[in-house]
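Chemist: let's see this in three dimensions:
(one chain, ligands or ions: 1)
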Amino acid sequence: MCGIVGAIAQRNVVPILLEGLQRLEYRGYDSAGLAVVKEGQLQCVRSTGRVADLRERSAATEGPLGIAHTRWATHGVPSERNAHPHLSNDRIAVVHNGIIENYEELRASLTVAGYVFTSDTDTEVIAHLIHSHYAQGLSLLAATQVSLSELVGAYAIGVVACDEPDRLICARRGSPLLLGVGIGEYFIASDVSALLPVTRQVVYLEEGDVVELKRDGYRIFDAGGAQIERPVQTSELSNESVELGAYRHYMQKEIHEQPQALANTLESVCNSQSLVPGIFGAEAAATFADIDSILILACGTSNHAGQVARYWLEELAGIPCRVEVASEYRYRVSVPNPKALVVVISQSGETADTQAALNHAKAQGHVHTLAICNVPESALVRLSKLRLLTRAGPEIGVASTKAFTTQLAALFLLTLVLAKQRGRLTEQQESQYLHELRHLPSAVQKVLDLEPQIAKLAERFADKHNALFLGRGMHFPIALEGALKLKEISYIHAEAYPAGELKHGPLALVDKDMPVISVAPNDALLEKLKSNLQEVRARGGELYVFADADTHIREADGIHVMQMPEHAGYLSPILHTIPLQLLAYYVALQKGTDVDKPRNLAKSVTVE
Ligand code: M6R
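Modeler: Numbers count the residues shown, from 1 in each chain. Okay, the predicted model is just below:
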């Protein structure tokens, strides 16, 4: 969701900006633009096409200082006039990620002051506001600082001025931004992947930081305005990890990376003989001893991971668990319980609703917090007392795949640690579960081998407009996840139901045109599920069943069965996720959609 890149160097920065934007494309965007300062002039180019189009349009643009942006529309439709950078009087240019909540009143007062607005965005007020202070004689840094103090909302910004060829100003509050450190050149970006071609030395900015970058160094000022040092870190992200390689799409690559991602996430645990709370942080043992329940807050796919975990936590660890959609929880009047462990789950760690939900929980008196997250330096990790990092590696495809299965693995570890601490796990069970976790990557690999069959099956969905997903128990959230994957990348309307709910309404939708996809693990609910499937078949519904070995669900007229290699007990939801990801992927190929960048969606939802 909106990407920022900026650079100050002794060379032409346009190729750096464009390459950076290309690498941020996965975040989702509908327009792009850049501005460079050269010889006292601001040159600005914008496009409503892809970054490739912006590249063509910028062929004649160059300069040693510049900012660039991919925009995901919030205020104002996607159009060239609303694309960033936004200029004030052709002297100051601003790129912005986030939402300014008091932009209407600022716009009104700036209009009275004589500023003419040429876009519908909230960002343009930032450009004019900075200009208004700069015109009063403040330095660009001071003008930016004063302007920021007048803004209400979330932002990461980059600012340049044509009269300041040796200065790039940036700031963050509520939206991610980092600095890249080169030799005699410095960069800013929304995430590290954008800067990998130029540097791996990065400085993660804190909330409220404002930075002045010059060619011979930079100064960081904290939220209180005091100059401060922040550590320079070497990013472990490699270029290969963000490159497509031999795959057709990032989503396909990331589906196939799951065995390795799971092995990496489970590495420390699988190498040891027993589970210890310490994997969640130094204070975990004391925290876990003090809690009486779990409250999980997350959005989208991450929320589905939480919903699976609820079954595990209550059944194995005997601890009450509630799972809430973060965007609802943040505004809901709920009953706080300071003895609850608040668990936030997020791939990006920057999802605005999840951050707000965590802050809301804290404000309500919740003190025990744990982040399960894929990005170590992210806001959610920093805001939480405990953490367990999934080690899925960068996830570029908008549809979350390897992040989900590694979240599940992390949540299973949480379940086992809590079960052990609460005296509900014998030594023998512990070593059995550790054995199953060690086996998990190869079990996932076997499911991936179903790919050619699933690709074939997907052809049957090419002309479909609706689909129903069924699951029971801890596989119901997997049905939800399967439906979400299908709708987000193939644009087929898909719903998921616990199979037992069918006759309470959705059965009315079933006819020969409604494919019904069912997750059929060989568990205690199997016979119940089989009856539910009969109900579908009796109404002429076409069934697609992902069935474990020994379920005895057979191919028949209108029943297509994909045989899953093995039943994985409690870890079965992880295995059953894989074919649904592959199904969504191949159906999207049939439909010819933009798999990695589905319409209207962004990878990291950093605005409300
Ligand atoms: O980064 P997060 O895990 O916090 O993101 C939450 C959702 O936006 C995300 O899972 C979304 O639902 C995915 N695009 C689904 O594939």
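Chemist: around the nearest residue to Gly306 once chain neighbours are set aside, how many other residues sit close by?
Modeler: Nearest non-adjacent residue to Gly306, counting by Cβ to Cβ, 6 or more residues apart in numbering: Ile296, 3.7 Å away. C-beta coordinates here come from the backbone N, C-alpha and C atoms, glycine included. Residues contacting Ile296 under the criterion other Cβ atoms under 10 Å number 27.
Chemist: and the host helix or strand of Ile296, what's buried?
Modeler: Element membership for Ile296, per DSSP states H and E: strand 293-298. Buried residues in strand 293-298, counted by 16 or more other Cβ atoms under 10 Å: 294-298.
Chemist: a markdown table for those residues, including pLDDT and distance to Met514?
Modeler: Shown next, in a markdown table, are the buried residues of strand 293-298 (pLDDT from 0 to 100; distance: Cβ to Cβ, whole Å):
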| residue | pLDDT | distance to Met514 |
| --- | --- | --- |
| Ile294 | 98 | 36 |
| Leu295 | 98 | 36 |
| Ile296 | 98 | 32 |
| Leu297 | 98 | 34 |
| Ala298 | 98 | 30 |
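Chemist: quick check: the farthest pair among the residues you listed?
Modeler: For the buried residues of strand 293-298, the farthest-apart pair by Cβ to Cβ is Ile294 and Ala298; their separation is 12.2 Å.
Chemist: how would you label the nearest residue to Gln260 once chain neighbours are set aside: helix, strand or coil?
Modeler: Using Cβ to Cβ, 6+ apart and skipping the chain neighbours, the partner closest in space to Gln260 is Pro441 (7.1 Å). Following DSSP: H, G, I helix; E, B strand; the rest coil, Pro441 is assigned to helix.
Chemist: buried set for stretch 159-173?
Modeler: 159-162, 164-165, 167-173.
Chemist: for it, what is the distance to the chain centroid?
Modeler: Taking Cα atoms, centre = their mean, to the nearest Å, one finds the center of stretch 159-173 at 29 Å from the center of the full chain.
Chemist: now do the contacts for the closest residue to Cys299 other than its chain neighbours.
Modeler: Counting by Cβ to Cβ, 6+ apart, Cys299 lies nearest to Ala326, which is 5.0 Å off, once chain neighbours are set aside. By Cβ atoms under 8 Å, 6 or more residues apart in numbering, the residues touching Ala326 are 297-299, 303, 344, 351, 353-354, 356-357.
Chemist: ok, now how distant is Ala326 from the ligand?
Modeler: 8 Å (Cβ to the nearest ligand atom, to the nearest Å).
Chemist: let me see the backbone angles for whichever residue of the stretch 101-250 of the chain sits closest to the ligand.
Modeler: When distances are taken as Cβ to the nearest ligand atom, the stretch 101-250 of the chain reaches nearest to the ligand at Pro176, 11.4 Å away. Torsion angles at Pro176 (phi, psi; degrees, to the nearest 10) stand at phi -70, psi 150.
Chemist: looking at it, it is touching Ala189, isn't it?
Modeler: No: assessed by Cβ atoms under 8 Å, Pro176 is found out of contact with Ala189, at 9.2 Å.
Chemist: residues of the protein that sit close to the ligand?
Modeler: Within reach of the ligand by Cβ under 6 Å from any ligand atom, the chain has these residues: 299-302, 346-348, 351, 354, 398-400, 484, 488, 604-605.
Chemist: most neighbours, which of those?
Modeler: Comparing those by number of neighbours (other Cβ under 10 Å), Ser346 comes first, having 34 neighbours.
Chemist: quick check: beta-bridge partners of that residue?
Modeler: Cys373 (DSSP bridges).
Chemist: residues contacting it?
Modeler: 298-299, 302, 354, 371-374, 378, 380.
Chemist: between those, which is nearest Ala35?
Modeler: Ser378 (28.1 Å).
Chemist: who does the helix-or-strand element of the chain with minimal mean pLDDT touch, helix- and strand-wise?
Modeler: Lowest on mean pLDDT, DSSP states H and E among the helices and strands of the chain sits helix 526-538, with a mean of 86. Under the contact definition 3 or more Cβ pairs under 8 Å, 6 or more residues apart in numbering; DSSP states H and E, helix 526-538 sits against strand 466-471, strand 515-520, strand 542-547.
Chemist: output those in CSV, with mean neighbour count appended to each entry.
Modeler: Below are the helices and strands packed on helix 526-538 laid out as CSV (neighbours: other Cβ atoms under 10 Å):
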stretch, mean neighbour count
strand 466-471, 24
strand 515-520, 27
strand 542-547, 23
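Chemist: quick one: closest of these to Glu254.
Modeler: strand 542-547 (19.9 Å).
Chemist: what mean pLDDT does that closest one get?
Modeler: In this model, strand 542-547 has an average pLDDT of 94.
Chemist: let's see whichever helix or strand comes after it as CSV, backbone CA atoms only.
Modeler: Sequence order places strand 559-563 as the next helix or strand after strand 542-547, per DSSP H and E. In CSV, the C-alpha atoms belonging to strand 559-563 read as follows (Å, rounded to 0.1, in the frame of the first residue of the first chain):
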residue,chain,number,x,y,z
ILE,A,559,-17.6,-36.0,-6.9
HIS,A,560,-14.0,-35.1,-7.7
VAL,A,561,-11.6,-36.4,-5.1
MET,A,562,-8.0,-35.1,-4.6
GLN,A,563,-6.2,-37.6,-2.4
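Chemist: that'll do, ta.
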